[in-house]
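Peer 1: Dropping the sequence and predicted coords here.
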Protein chains: 2
Amino acid sequence: MKSDIEIARSVELKKIKEVAQSIGMPYEEIENYGRYIAKVPEDLLDEEKLKKSKLILVTAITATKAGIGKTTVSIGLALGLNKIGKKAIVALREPSLGPCFGMKGGAAGGGYAQVLPMEKINLHFTGDFHAITSAHNMIAALLDNYLYQNQSKGFGLKEILWRRVIDVNDRSLRSIVVGLGPKSNGITQESGFDITPASEIMAILCLSKDNVDLRRRIENILLGFTYDDKPFTVKDLGVAGAITVLLKDAIHPNLVQTTENTPAFVHGGPFANIAHGCNSILATKMAMTYGDYVVTEAGFGADLGAEKFYNIKCRKSGLQPCLTVIVATAQGLKMHGGVSLDRIAEPNMEGLSEGLRNLDKHIRNLRSFGQTVIVAFNRFATDTDEEMELLREHCAELGVGFTINSAFAEGGEGAVDMARLVVDTIEKQPSKPLHFTYKEEDSVQQKIEKVASQIYGASVITYSSIARNRIKLIEKMGITHYPICIAKTQYSFSADPKIYGAVDNFEFHIKDIVINNGAEMIVAIAGEILRMPGLPKDPQALHIDIVDGEIEGLS
Amino acid sequence: MKSDIEIARSVELKKIKEVAQSIGMPYEEIENYGRYIAKVPEDLLDEEKLKKSKLILVTAITATKAGIGKTTVSIGLALGLNKIGKKAIVALREPSLGPCFGMKGGAAGGGYAQVLPMEKINLHFTGDFHAITSAHNMIAALLDNYLYQNQSKGFGLKEILWRRVIDVNDRSLRSIVVGLGPKSNGITQESGFDITPASEIMAILCLSKDNVDLRRRIENILLGFTYDDKPFTVKDLGVAGAITVLLKDAIHPNLVQTTENTPAFVHGGPFANIAHGCNSILATKMAMTYGDYVVTEAGFGADLGAEKFYNIKCRKSGLQPCLTVIVATAQGLKMHGGVSLDRIAEPNMEGLSEGLRNLDKHIRNLRSFGQTVIVAFNRFATDTDEEMELLREHCAELGVGFTINSAFAEGGEGAVDMARLVVDTIEKQPSKPLHFTYKEEDSVQQKIEKVASQIYGASVITYSSIARNRIKLIEKMGITHYPICIAKTQYSFSADPKIYGAVDNFEFHIKDIVINNGAEMIVAIAGEILRMPGLPKDPQALHIDIVDGEIEGLS
């Protein structure tokens, strides 16, 4: 089979205005970024029209280093739906340059189920991440400057909460000291960089209703506390307007196309382990304005992305998914069944069977939200018929739909069965209205404890004294109604990345709490989760190149 | 008079494809970034055609805090030339977000002589600066990762030369310590951030002939020295391909339009005090391929931008300017004549007359390159007839052309006289072939000393021991043939920003030397020049906002 990049290059792309026209979008109003990418102005969104659209969430079993292929299945499902005559649009997140040049080498789907032009999407795209990075760091510089210029007046902050961000995997920047050298180099203090997908501004962009809401949220960003314990915000700094200006274009959803020239929105990109893991509300709603079926995804396993999709994104936007598709692979299930990474490509019925416990727990969780669930088996060449049969039987026992996705190898044609099952299930047995895990009026601890116990399976939840103090502050600030966003490893239901499978009755420790007052959520940090990844021993950057004018090494 | 942004908004922009078509560019081959901006692929450049084009450099007297208006005159001249029936294109640098949100609030010309859409040009534009920032910091992360991953093998560098960059004025990042915390946070070491216009990659982008040359130069970037004193480059790191991929689009020149819908290239943006201060060779050559007259500028005073334009950009590209226009303002001259900033708007013939010494010295310098020079007086509303008459007479005495530019207030109509004088002067008395200040084969010290004594007027040149050691290294590396790029204050001929006017016979101290092995130049740092600016007490960011959907505070 051809490589991802060879397939991407073999596709004859349609001009993006034609793609827009194909879904009835007033194509003169979109703004081209090159021939094949456009930004869609927010005023093309229609709140009435989108209510008729059917939203489908694609999530996955717990992540493994082998990769599950959620993006490929999402794109494949949209391709399959279009194949059977449905007007379907996929709405995904934008890739971050960090993992592109680090572990993953890209995040635009794979095989014959990709979003294109994949090189542009994987690289700078329409500059949204760069705009977010600039906006975030501009606030940092303006804050430090304010402290520097006003130190002679005795003004200072007791605590500074705002760090910096960069869209590169750079472990050396996790913990730094700034302002060294002469006094004119600013105030010496601790700081550090997170990766751009962890920026509160990324979350704000993804959760904003429009430009006005964006500005309001930027004003509310909490930067620190004064010596008399008052919150100090971007509004106090007086620069909300300037920061909104930096994000003026970034907030508009990006339109691209799939390997079969169907429309796709790719917009926003918070990670699901350290952030809320969903593409922008604006992009999802824009897709729903123009598509009868909209397929979207949420990052990593269903304990992370899907939980946050329902409890944060849907709660805040009013979106109601009709169906949730959970992606599983035989290799991934075998890993969760205790098979080592180097042996997962071999048939192993026992390992597979043991690994089903991970799938089952996710399905139970998804059902707890009132969702109808189907399992999409993402097929690899090494999978045996026996393995697939086991899975099919298991799903039948659970009473959930089962389908095999071959979109990677066959494009939309390989996803026709999946598309038919999806349409059929939505018709006969749509999801119930969302039942959230916690209520707005629950206390912060109640929210954390409900997610940790009901979704993760923890039996004891403990808090550091830092976390306990933060919760008191949150109560004092009167913002306990915000949803919570738990930051934890993607490799386990627990906070320990080494515990695969379906673990239960563990202790879950909240180390720290970050107040995202602009994004209006409370980030609870569990375990040793890093908001800035490092590069591996053999980074993908070593394999990315231009050969005869063509890019190699992205997928 | 209307504000810059009001004027910008009142202009009915042409679609950028129409602008391209108006100069005979195959408009189907350009790539839109929105309706009014395009990237022009490098293969549209024609080395034969461009030889027939007449290149004009616009430079200025020594910079003052009042601003001289070089960009406005450059755009005005192009407008005036088009008004009198000449096919003229202006080629400028891209603004940096740092000064936009700090002191200046933008750099896209002013009044009725602007490049448009000015908000986009002043903000993220086509993402070139962001691509450069990413490429630079990706190298930093990959280098630190290489050192981290290979420390157990005993590999290390004796000295690391590569810092990081960010396009924000952030004094706190000038001097930092990275890699604090647990061992997994990388190796603890000193580092720091320069502003993006100071990145060697910015210089490389501006000096590269094409994508192949770009890649070659990236390979050559010197990152540090091993314990056995061997240079360690990006090639040794094995990531030149990946870094070139990040710059694949950024290297293509950006096409925009002026307030009178004539074409303009805006591409690359090194500062002239800390870097070489010229827009990209590719953009200048592209403009010359399609324009009979091309107006370009070089940053700050003629001692910085113009000197580097001739000795670096023209030497390396083979470009030969037909004429140099030096911009002066009455207010600027009065400042150089010792009048204090708060009184320069008042008539003061004595101060003006005294300030002419600054202009004279620049004219002498420009003539030393074999250039024909004309003085463009950039008119302000407060200037008196008597002041203008003094300048006119003075120029007549010197035998240099004199013209008054009113393009700020009147657009092209206000630059017709200037345009006529330019055309006439080029016809009757074009510049001689460039006479460079130093030869390639001169030693590093000879090069520094020739520029410092012949252009700046220094009588004694001293070196720190660091600088002397670097020169020895440069000799050992066999790269003494590179041109030198002196980094010094823009406010004085000397390295002391407080000495206005025309100072002579001073001591000039070289503090440090930076080897730009990819850009192929040697940066000699004189005095307390900062490669990362700070924000002022009242940053422009406080005045930038969106009001009724329109951006305020940029110019």
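Peer 2: Sure, I can see it.
Peer 1: List the contacts of residue A:233.
Peer 2: Applying C-beta atoms under 8 Å, 6 or more residues apart in numbering or on different chains to residue A:233 gives the contacts A:219, A:220, A:221, A:222, A:223, A:517. C-beta coordinates here come from the backbone N, C-alpha and C atoms, glycine included.
Peer 1: Tell me the one among the residues you listed nearest to chain B.
Peer 2: residue A:219 (11.6 Å; C-beta to the nearest C-beta).
Peer 1: ok, residue A:126 to residue A:251 distance?
Peer 2: Going from residue A:126 to residue A:251 by C-beta to C-beta, to the nearest Å gives 11 Å.
Peer 1: now do residue A:513
Peer 2: Relative to residue A:251, and taking C-beta to C-beta, residue A:513 is found at 27 Å.
Peer 1: Now do the SS call for whichever residue of the stretch 351-500 of chain A sits closest to chain B.
Peer 2: Closest residue of the stretch 351-500 of chain A to chain B, C-beta to the nearest C-beta: residue A:497 (13.5 Å). Following DSSP: H, G, I helix; E, B strand; the rest coil, we place residue A:497 in the coil state.
Peer 1: Tell me the confidence at it?
Peer 2: Per-residue confidence at residue A:497 stands at 87 (pLDDT).
Peer 1: That one touches residue A:488, doesn't it?
Peer 2: No. If you go by C-beta atoms under 8 Å, residue A:497 and residue A:488 don't touch, sitting 9.1 Å apart.
Peer 1: more neighbours, residue A:126 and residue A:251?
Peer 2: More crowded of residue A:126 and residue A:251, by other C-beta atoms under 10 Å in any protein chain shown: residue A:126, with 29 against 24.
Peer 1: sec struct for that one, please.
Peer 2: Following three-state DSSP, residue A:126 is assigned to coil.
Peer 1: wait, what's in contact with it?
Peer 2: Contacts of residue A:126 (C-beta under 8 Å, 6+ apart): A:33, A:37, A:39, A:249, A:250, A:254.
Peer 1: Also residue A:508?
Peer 2: Residue A:508 touches A:452, A:456, A:458, A:460, A:461, A:462, A:494, A:495, A:526, counting by C-beta under 8 Å, 6+ apart.
Peer 1: Name the residues linked to it by a beta bridge.
Peer 2: Assessed by DSSP bridges, residue A:508 has beta-bridge partners residue A:461.
Peer 1: Check the one 4 residues further on too.
Peer 2: The partner list for residue A:512 in beta bridges (DSSP bridges) reads residue A:525.
Peer 1: Skipping adjacent residues, who's closest to the closest residue to chain B within the stretch 451-555 of chain A in space?
Peer 2: Using C-beta to the nearest C-beta, the closest approach of the stretch 451-555 of chain A to chain B is made by residue A:545 at 2.8 Å. Nearest non-adjacent residue to residue A:545, counting by C-beta to C-beta, 6 or more residues apart in numbering or on different chains: residue B:241, 2.8 Å away.
Peer 1: Can you get me a residue count around that neighbour?
Peer 2: Around residue B:241 there are 21 residues (other C-beta under 10 Å).
Peer 1: Please verify my assumption that it contacts residue A:544.
Peer 2: Yes. Using C-beta under 8 Å, residue B:241 makes contact with residue A:544 at a distance of 5.9 Å.
Peer 1: Please enumerate the shared neighbours of the two.
Peer 2: A:552, A:553.
Peer 1: in the stretch 101-250 of chain A, which spans are helices?
Peer 2: A:118-122, A:128-149, A:200-207, A:211-220, A:234-237, A:240-246 (DSSP state H, counting those that start in this stretch).
Peer 1: Any chance of those in a markdown table with mean pLDDT as columns?
Peer 2: Formatted as a markdown table, these follow (pLDDT from 0 to 100):
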| stretch | mean pLDDT |
| --- | --- |
| helix A:118-122 | 95 |
| helix A:128-149 | 98 |
| helix A:200-207 | 98 |
| helix A:211-220 | 97 |
| helix A:234-237 | 98 |
| helix A:240-246 | 98 |
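Peer 1: Which residue ranges make up each domain of chain A?
Peer 2: A:4-126+A:251-428, A:128-246, A:444-526 (automatic domain parsing).
Peer 1: buried sites along stretch A:524-535?
Peer 2: Neighbour counts over stretch A:524-535 (16 or more other C-beta atoms under 10 Å in any protein chain shown) mark A:524, A:525, A:526, A:527, A:529, A:530, A:531, A:532, A:533, A:534, A:535 as buried.
Peer 1: What's the end-to-end length of it?
Peer 2: Using C-alpha to C-alpha, to the nearest Å, the end-to-end distance of stretch A:524-535 comes out at 25 Å.
Peer 1: chain center to that stretch, what's the gap?
Peer 2: When distances are taken as C-alpha atoms, centre = their mean, to the nearest Å, stretch A:524-535 is centred 15 Å away from the chain's centroid.
Peer 1: nearest spatial neighbour of the residue in the stretch 301-450 of chain A positioned nearest to chain B, skipping sequence neighbours?
Peer 2: Chain B sits closest to residue A:341 of the stretch 301-450 of chain A, with a gap of 20.1 Å, by C-beta to the nearest C-beta. Spatial nearest neighbour of residue A:341, excluding adjacent residues (C-beta to C-beta, 6+ apart): residue A:65 at 6.2 Å.
Peer 1: what do you get for residue A:108?
Peer 2: Residue A:108 sits nearest to residue A:118 (C-beta to C-beta, 6+ apart), 4.2 Å away.
Peer 1: if we can go back for a sec, pLDDT and distance to residue B:290 added to the contacts of residue A:126, as a markdown table?
Peer 2: What follows is these, written out as a markdown table (pLDDT from 0 to 100; distance: C-beta to C-beta, whole Å):
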| residue | pLDDT | distance to residue B:290 |
| --- | --- | --- |
| A:33 | 92 | 23 |
| A:37 | 97 | 26 |
| A:39 | 97 | 28 |
| A:249 | 95 | 28 |
| A:250 | 98 | 32 |
| A:254 | 98 | 31 |
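Peer 1: Please indicate which of the residues you listed are buried?
Peer 2: Buried by 16+ other C-beta under 10 Å: A:33, A:37, A:39, A:249, A:250, A:254, out of these.
Peer 1: List the backbone torsions phi and psi for the residue nearest to the third one when sequence neighbours are not counted.
Peer 2: Nearest residue to residue A:39, sequence neighbours excluded (C-beta to C-beta, 6+ apart): residue A:252, at 4.2 Å. Dihedral pair for residue A:252: phi -80, psi 130, per degrees, to the nearest 10.
Peer 1: Then residue A:319 would be within a strand, right?
Peer 2: No. Counting by three-state DSSP, one finds residue A:319 to be coil, located in no strand.
Peer 1: what about it, neighbour count?
Peer 2: Applying other C-beta under 10 Å, we find 21 residues neighbouring residue A:319.
Peer 1: List the contacts of whichever residue of the stretch 251-400 of chain A sits closest to chain B.
Peer 2: Nearest residue of the stretch 251-400 of chain A to chain B: residue A:252, at 10.8 Å (C-beta to the nearest C-beta). Each residue near residue A:252 by C-beta under 8 Å, 6+ apart is listed here: A:31, A:39, A:40, A:41, A:42, A:282.
Peer 1: Check residue A:332 too.
Peer 2: With contact taken as C-beta under 8 Å, 6+ apart, residue A:332 is in contact with A:61, A:62, A:64, A:66, A:68, A:344, A:355.
Peer 1: Reformat those into TSV and put secondary structure, neighbour count and pLDDT next to each item.
Peer 2: Formatted as TSV, the contacts of residue A:332 follow (DSSP: H, G, I helix; E, B strand; the rest coil; neighbours: other C-beta atoms under 10 Å in any protein chain shown; pLDDT from 0 to 100):
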residue	secondary structure	neighbour count	pLDDT
A:61	coil	29	96
A:62	coil	30	94
A:64	coil	23	83
A:66	coil	15	67
A:68	coil	23	88
A:344	coil	24	90
A:355	helix	30	95
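Peer 1: tell me which of the residues you listed is nearest to chain B?
Peer 2: Of all the contacts of residue A:332, chain B sits closest to residue A:64, with 21.7 Å by C-beta to the nearest C-beta.
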